[in-house]
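Asks: Let's see this in three dimensions:
(2 chains)
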Protein chains: 2
Amino acid sequence: MTTKTDSLEKSSTINEDKLSRRNFFKRTAVYSAGAIAAANVLAPVKLKADDVNIVNQVEWGTKLGDRLDKNLYGLPSPYEHNNIRRIHDLLSSGDRYATVSMSPLHQQEGIITPNGLFFCRSHSGIAQVDPNKYRLMLHGLLEKPLVLTLEQLKRYPSESRIYFIECPANGSTGWRGPQFNNLQFVKGMMSSAEWTGVRLSVILEDLGLKPEAQWMLAEGSDDSEMARSIPIEKVLDDAMIVWGQNGEPLRPEQGYPVRLLVPGWEGNLNVKWLKRLKFDSKPWYSKEETSKYTMLQPSGKAIEYFWPMEVNSIITSPCPEVPWTDLKIGDKVEISGVAWSGRGTIKTVDISLDGGKNWVEAHFKGLILPKSWTRFSYIITWDGNPKVLLSRAIDDSGHIQPSIDKLVSKVGVEGIYHRNPIVGWEVTSKGVVNNVHVRS
Amino acid sequence: MTTKTDSLEKSSTINEDKLSRRNFFKRTAVYSAGAIAAANVLAPVKLKADDVNIVNQVEWGTKLGDRLDKNLYGLPSPYEHNNIRRIHDLLSSGDRYATVSMSPLHQQEGIITPNGLFFCRSHSGIAQVDPNKYRLMLHGLLEKPLVLTLEQLKRYPSESRIYFIECPANGSTGWRGPQFNNLQFVKGMMSSAEWTGVRLSVILEDLGLKPEAQWMLAEGSDDSEMARSIPIEKVLDDAMIVWGQNGEPLRPEQGYPVRLLVPGWEGNLNVKWLKRLKFDSKPWYSKEETSKYTMLQPSGKAIEYFWPMEVNSIITSPCPEVPWTDLKIGDKVEISGVAWSGRGTIKTVDISLDGGKNWVEAHFKGLILPKSWTRFSYIITWDGNPKVLLSRAIDDSGHIQPSIDKLVSKVGVEGIYHRNPIVGWEVTSKGVVNNVHVRS
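Replies: Numbers count the residues shown, from 1 in each chain, chains lettered A, B, ... in the order given. I've put the predicted structure just below:
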């Protein structure tokens, strides 16, 4: 009964171009086909007459809804007023400018964080930049240095890619012992989005990068003039200048109108409110790579540069905000979470129900992309016995998420960055979920 | 200089689980590698001392930004106040309840529409549903009919998928001749998102679908009690009950807290504010499938059901809102756009610069997913000569987007649904872009 009108439209002329086709453009993306078709996830409930009445007792279909022009840029339901970024005093440097707002990961599924909930780290507040006055300068070791308006920048051919961004301090406050009893403060210094912009390799081909150029300085236009040095190999590999996030212009707190994107590397390298890119043979040792974002070692010396975010994972359901208190014994229930690595693609996630004694492999759900969130799932039958749930990720570079003790034995306890140990949730017999510390 | 701490963590125990691994879970998704590394997209500009002054004249880095807690659920920059959904009187049925708000496609890149800009079609306004009182009834030809709360529904294992939704009337107003001179009203009755929910096949395995069940009725809880009949093959293939959109709960105008998702099929089947799913051996002939959403034929008879959205494409840059008036002769410039098909995956997009006399194949950008937006690109050198730009998509079911004349010869001019002809933009010698009608 479907229309077949355009199936008759097969033209012969279309085939004349075939010789020019490059088949490598034709690879289609695939979703991971996880084993999620588990029956009886809920204990079966027989519909009774009373249940039908419950549906009919709900007041719906009884009055006209809101006008469509009430909100031409939409907002969440008022019932979701608690689904917001949050700031914690322990992490806020005593003010609300040089601090971090953390993403409510417990309400996020999939691999897109909505722009309104994307975590925000700022060194001097959220800069407000007039896009009409915006200029980007590219200079230093270039054949043709350039100053661009926003319109000129957007004339470069764009690409869109899904990548996570994570602060290197994510989870750092809790790995020596449980500090917060919720997912949002334990791991909320990260989010994921589809970014749109131009690859720096495209611009640099245009401008003529001189062979002596080994480093790029990225400088922001915020009050702190946040600046970082980035090695040219990474710049040419996959770094982008981006203006779009999830189908709209960047939000102010994400660097509107333009930020740098350095896929998989620490969040602070993704310089916001981007003002200037300079190319040189040496790094700059800006204040953000001397006073901050170095890693103190047990020896008393500090590692100066350590860029890629480590392989990592966290169970997001259950978590303290999403407990199992409504479960009945015998119910099937999904353990699910997110894994990520700044070094490449997630290969495997293992789950433990007993604090690390035994491990089973989780299934993947959805898209498996490099330097992107990867969702995992494992279904169990709730037996009412207390559990300690852990997840452990492995990426395609061969890195594996370490236990807390193994991490400490390697890097000590002085630093707060790049702490990616296996962390856990205790589930009590009542289904209450708490943050616990499993050392090895 | 990067840390290698966790590269030492390769454990032997991890390999003990290897036998249980199913390799089909390991397929990773790939981005299409389009030929976008075109140099000299901008005419080279030599940096002069004046240009440096331009950068320094911008007032930035001079004052503290906004506090991070100013907006814990974020909003776009005030400078983007025009990037909103819009309603047109010609399409609004005389009110702002039973109408459609159209998405600003000209500012969207990639394959995600932000929730605040996702197009909205409503038959009786935007229903406000209290999630605490929400109930979903599944009944009819089921072994175990069920009434679910929202919490119970979310206990099913979730999946996340990127799909477009399109109103079957999208573009219908303009295909007999240019009616609107902008992209937003020409094609804005569609958007794309990452949806999270549970497949109906999972729930129906749980509830026991009886063999006589050939159809499913989906009924909304809005004032119009929007209801549609859907064949069981599609329900079991890929239909979902969804509660999440782009990482947060559905927005009110998208059916909060729960809607049906029928991937690739007409928008009105994706029933919002979902209240009831009933299974039976025959369709229901609801008012929305008799008075509306039938397709009048030249014979005077109407086709009653025609579900999949046809293969389609549109150039989004340039367009009337994104002209080429800033180009100089000799500049390279990107022609880019979006293609989609409710029948499967986009295989090819061809571009014409001369109103359909000659065609060249475009490159793909980003992810190529079934029933999802697929982005295409083609770079030309601007020569200052007038052009008529067209795009033509082909999907993997073998359907090809028809010319207006070919479409008319098959389906006549009576109906307003499923009109997917090749449509065009005229570019004048000044770079102004207008909607034009190219018949064949």
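Asks: all strands of the stretch 301-440 of chain A, in order?
Replies: Ranges of strands in the stretch 301-440 of chain A, per DSSP state E, counting those that start in this stretch, are A:302-303, A:312-317, A:332-340, A:346-352, A:360-361, A:363-367, A:374-381, A:387-395, A:424-427, A:433-436.
Asks: quick one: low-confidence parts of chain A?
Replies: Scanning chain A for pLDDT under 70 picks out the ranges A:1-27, A:33-57, A:93, A:173.
Asks: On the three-state scheme, A:Trp60 is what?
Replies: Put simply, A:Trp60 is coil when judged by DSSP: H, G, I helix; E, B strand; the rest coil.
Asks: For it, the count of nearby residues, please.
Replies: Residues near A:Trp60, counting by other Cβ atoms under 10 Å in any protein chain shown, number 21. The way it works is simple: take the backbone N, C-alpha and C, and place the C-beta from them, glycine included.
Asks: ok, the residue nearest to it when sequence neighbours are not counted - contacts?
Replies: In space, A:Trp60 comes closest to B:Ser221 once its chain neighbours are excluded; the distance is 3.6 Å by Cβ to Cβ, 6 or more residues apart in numbering or on different chains. Neighbour list for B:Ser221: A:Val58, A:Trp60, A:Gly61, B:Ala127, B:Val129, B:Trp273, B:Leu274, B:Lys275 [criterion: Cβ atoms under 8 Å, 6 or more residues apart in numbering or on different chains].
Asks: So how do I select the buried members of the residues you listed in PyMOL?
Replies: Selecting only the buried entries of these in PyMOL, with 16 or more other Cβ atoms under 10 Å in any protein chain shown as the criterion:
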select buried, (chain A and resi 60+61) or (chain B and resi 127+129+273+274+275)
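Asks: Turn the contacts of B:Ser221 into a markdown table, including distance to A:Tyr79.
Replies: Putting the contacts of B:Ser221 into a markdown table (distance: Cβ to Cβ, whole Å) gives the following:
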| residue | distance to A:Tyr79 |
| --- | --- |
| A:Val58 | 14 |
| A:Trp60 | 14 |
| A:Gly61 | 19 |
| B:Ala127 | 13 |
| B:Val129 | 9 |
| B:Trp273 | 13 |
| B:Leu274 | 16 |
| B:Lys275 | 17 |
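Asks: Which stretches in chain A count as helices?
Replies: Applying DSSP state H to chain A gives helices spanning A:49-57, A:150-154, A:183-187, A:200-207, A:232-238, A:404-411.
Asks: Buried residues, the second one. List them.
Replies: Pointing back at helix A:150-154 there. Within helix A:150-154, the residues scored as buried using 16+ other Cβ under 10 Å are A:Leu150, A:Gln152, A:Leu153, A:Lys154.
Asks: closest to chain B among these?
Replies: A:Gln152 (6.1 Å; Cβ to the nearest Cβ).
Asks: separation between that closest one and B:Lys387?
Replies: Remark: distance between A:Gln152 and B:Lys387 (Cβ to Cβ, to the nearest Å) = 22 Å.
Asks: In contact with the closest residue to A:Gly337 other than its chain neighbours, which residues are there?
Replies: Nearest non-adjacent residue to A:Gly337, counting by Cβ to Cβ, 6+ apart: A:Ile315, 4.0 Å away. Listed by Cβ under 8 Å, 6+ apart, the contact set of A:Ile315 reads A:Ile335, A:Ser336, A:Gly337, A:Ile351, A:Leu389, A:Leu390, A:Ser391, A:Trp425.
Asks: how close does the closest residue to A:Lys275 other than its chain neighbours sit to B:Ser158?
Replies: Counting by Cβ to Cβ, 6+ apart, A:Lys275 lies nearest to A:Ser221, which is 3.8 Å off, once chain neighbours are set aside. For A:Ser221, the distance to B:Ser158 equals 40 Å [Cβ to Cβ].
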